[in-house]
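Colleague: Here is my input; please provide its structure:
(one chain, ligands or ions: 1)
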Amino acid sequence: MSDMLKDIKGPDDIKKLDLPALIELSGEIRERIIETVSCTGGHLASSLGVIELTIALHYVLDSPVDKIIWDVGHQSYSHKLITGREERFSTLRQYRGISGFPKRTESPHDHFGTGHSSTSISAALGMAEARELKGEDFNVVAVIGDGAMTSGLAFEGLNNAGHLGIPLIVVLNDNEMSISRNVGALSSYFNRILTGELYQRFKKDTKAFLEGIPKVGDRMYRLAHKLEETVKSLLLPGHIFEELGFNYIGPIDGHNIENMIETFKRIRRADGPVLVHVITTKGKGYEFSEKNPSWFHGVGPFELTTGSPKGTGGLASYSDVFGNTLTELAKKDERVVAVVAAMTEGTGLGDFARTFPDRFFDVGIAEPHAVTFAAGLAANGFIPVVAVYSIPAEVL
Ligand SMILES: Cc1ncc(C[n+]2csc(CCOP(=O)(O)OP(=O)(O)O)c2C)c(N)n1
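Modeller: Numbering: from 1, shown residues only. This is a model prediction of the structure:
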């Protein structure tokens, strides 16, 4: 493999490349991230999933004038490699090295310090509004995962964006995963968009309905057809975002650089909020992380050839002790229930979830809801334990 990456000193350098070269670059970036994280530990699977997306965004946009806001920020490794941090990349997450997250003091291309999930739409909207107030001209893009989109905060941002109506691009990076499999009604909705199930089901039901109508003439048939057209518009992909005031585009393949470049070129001059729904594979391009994206979401150092952890210490972690204790307490008292915000394994409650599936609640990345939901359970006789990190461990 050639060594193009060392010549990429900033996004301008990738604009000089043709499509085959961009595809080759994506392979080099992938290799570098896998090698580095195998030594330093880090957020491997999320970063591997957005390499092509990151290249396409930087190819079309003019960062740092245009602003890309990475939600959570754990997927920003290729952004770091493209924006002048290739030489320091081996220091990822090391003392005095580069951060595992976007950091304003680290690069002019990092516009918002992150770590906590679901802040990107609100932050991007604030930047877009500042642009309007100052009469400036640039793009703001929030890249948010389907897990982060389960948070109320993300919806508060969408709601306000639809109201303000100013240009803003939201890229929904849908890999059907949070840290573990994504949960909730919204995630099922995305899934139905992907399979086209909403529309197919409607078509099947309408056909049965039309066939059931006695032959009462053309007028009835035309009416039924009109009804089909109206309801169809409600079931087409992304309807929920359209209703919130966004122009919805997708779903598109988040590993096809060419298509994404064309899409981003088309929408960069849009005059209102646009949501682009891209479909990616978490852990893409490394067999072990594709097979087990949850484990490779955030990992310690691992053996490159086997994907197994290096030097597993023998001591139980704080989370293990907590999880085991709560499982024991739940065996003794059936009022004990557990609530987590998309952190089943990280909080040590994986065994609890498997032992008491009906008394375990992963509510999505929705901490305020988790606490209030637990208050409701408590008000009705249960003993809920809400397990939430005070600071996401990955920030430390
Ligand atoms: C408020 C908050 N809660 C929980 C977390 C822990 N966390 C980090 S990433 C993540 C999952 C994000 O899923 P998604 O947005 O789909 O991104 P992906 O990793 O799948 O690309 C979670 C729960 C966090 N960073 N912030």
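
Colleague: what sits against the residue sitting nearest the centre point of the chain?
Modeller: Residue closest to the mean C-alpha point of the chain, counted by CA atoms, centre = their mean, is residue 145 at 1.1 Å. Taking CB atoms under 8 Å, 6 or more residues apart in numbering, we find residue 145 in contact with 46, 71-72, 75, 172-175, 178. The way it works is simple: take the backbone N, C-alpha and C, and place the C-beta from them, glycine included.

Colleague: Mind listing the residues bridging to it?
Modeller: residue 173 (DSSP bridges).

Colleague: That one and residue 40: what is the separation?
Modeller: 22 Å (CB to CB, to the nearest Å).

Colleague: now swap in residue 386 and tell me
Modeller: For residue 386, the distance to residue 40 - CB to CB - is 32 Å.

Colleague: so which of the contacts of residue 145 also contact the ligand?
Modeller: When contact is defined as CB under 6 Å from any ligand atom, the contacts of residue 145 meet the ligand at 46, 72, 75, 173, 175, 178.

Colleague: For stretch 113-123, list every residue counted as buried.
Modeller: Neighbour-count burial for stretch 113-123 flags 113-123 (criterion: 16 or more other CB atoms under 10 Å).

Colleague: tell me which of those residues is nearest to residue 360?
Modeller: residue 117 (20.5 Å; CB to CB).

Colleague: List the contacts of the closest one.
Modeller: 71-72, 147-148, 151, 365, 392.

Colleague: ok, of the residues you listed, which one's closest to the ligand?
Modeller: residue 147 (2.5 Å; CB to the nearest ligand atom).

Colleague: Could you give the number of residues near that closest one?
Modeller: 30 (other CB atoms under 10 Å).

Colleague: pretty sure it contacts residue 342?
Modeller: Yes. If you go by CB atoms under 8 Å, residue 147 and residue 342 touch, sitting 6.0 Å apart.

Colleague: ok so, going back, the buried residues of stretch 113-123 into JSON lines, with extra columns for secondary structure and pLDDT?
Modeller: Conversion of those to JSON lines gives the following (DSSP: H, G, I helix; E, B strand; the rest coil; pLDDT from 0 to 100):
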{"residue": "113", "secondary structure": "coil", "pLDDT": "94"}
{"residue": "114", "secondary structure": "coil", "pLDDT": "92"}
{"residue": "115", "secondary structure": "coil", "pLDDT": "92"}
{"residue": "116", "secondary structure": "coil", "pLDDT": "93"}
{"residue": "117", "secondary structure": "coil", "pLDDT": "95"}
{"residue": "118", "secondary structure": "coil", "pLDDT": "97"}
{"residue": "119", "secondary structure": "coil", "pLDDT": "98"}
{"residue": "120", "secondary structure": "helix", "pLDDT": "98"}
{"residue": "121", "secondary structure": "helix", "pLDDT": "98"}
{"residue": "122", "secondary structure": "helix", "pLDDT": "98"}
{"residue": "123", "secondary structure": "helix", "pLDDT": "98"}
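
Colleague: Looking at the residues you listed, which is nearest the ligand?
Modeller: Once CB to the nearest ligand atom is applied, the member of these that ends up nearest the ligand is residue 117, at 3.4 Å.

Colleague: The chain: strands as residue ranges?
Modeller: Along the chain, counting by DSSP state E, strands occupy 67-70, 140-145, 168-174, 247-253, 273-279, 336-340, 360-362, 383-387.

Colleague: Those strands: lowest mean pLDDT?
Modeller: Comparing mean pLDDT over these, the weakest stretch is strand 247-253, at a mean of 93.

Colleague: do you know how far the residue nearest to residue 333 when sequence neighbours are not counted is from the ligand?
Modeller: Among residues not flanking residue 333 along the chain, residue 383 sits closest, at 6.7 Å (CB to CB, 6 or more residues apart in numbering). From residue 383 across to the ligand, the span is 23 Å (CB to the nearest ligand atom, to the nearest Å).

Colleague: Tell me the helices and strands packed up against the biggest helix by length in the chain.
Modeller: Criterion DSSP state H: the longest helix present in the chain is helix 19-40. Counting contacts by 3 or more CB pairs under 8 Å, 6 or more residues apart in numbering; DSSP states H and E, helix 19-40 packs against helix 44-49, helix 51-60, helix 77-82, helix 257-267.

Colleague: can you redo these as JSON lines with mean neighbour count and mean pLDDT?
Modeller: As requested, these are arranged in JSON lines below (neighbours: other CB atoms under 10 Å; pLDDT from 0 to 100):
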{"stretch": "helix 44-49", "mean neighbour count": "28", "mean pLDDT": "98"}
{"stretch": "helix 51-60", "mean neighbour count": "25", "mean pLDDT": "98"}
{"stretch": "helix 77-82", "mean neighbour count": "26", "mean pLDDT": "98"}
{"stretch": "helix 257-267", "mean neighbour count": "17", "mean pLDDT": "96"}
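
Colleague: Out of the ones you listed, which is closest to residue 320?
Modeller: So among these, helix 44-49 is nearest, using CB to CB, at 22.1 Å.

Colleague: name the helices or strands packed onto the closest one?
Modeller: By 3+ CB pairs under 8 Å, 6+ apart, helix 44-49 packs against helix 19-40, helix 287-291.

Colleague: tell me which strands and helices the shortest one is in contact with?
Modeller: With contacts defined as 3+ CB pairs under 8 Å, 6+ apart, the packing partners of helix 287-291 are helix 44-49.

Colleague: got the contact list for the closest residue to residue 123 other than its chain neighbours?
Modeller: Excluding the flanking residues, the one nearest residue 123 by CB to CB, 6+ apart is residue 112, at 4.7 Å. Residue 112 is in contact with 69, 102, 104, 119-120, 123, 127, counting by CB under 8 Å, 6+ apart.

Colleague: From the ligand, how far off is residue 112?
Modeller: Distance from residue 112 to the ligand, by CB to the nearest ligand atom: 14 Å.

Colleague: Give me the distance between that residue and residue 25.
Modeller: Taking CB to CB, one finds residue 112 at 26 Å from residue 25.

Colleague: now residue 332
Modeller: In terms of CB to CB, residue 332 sits 57 Å off from residue 25.
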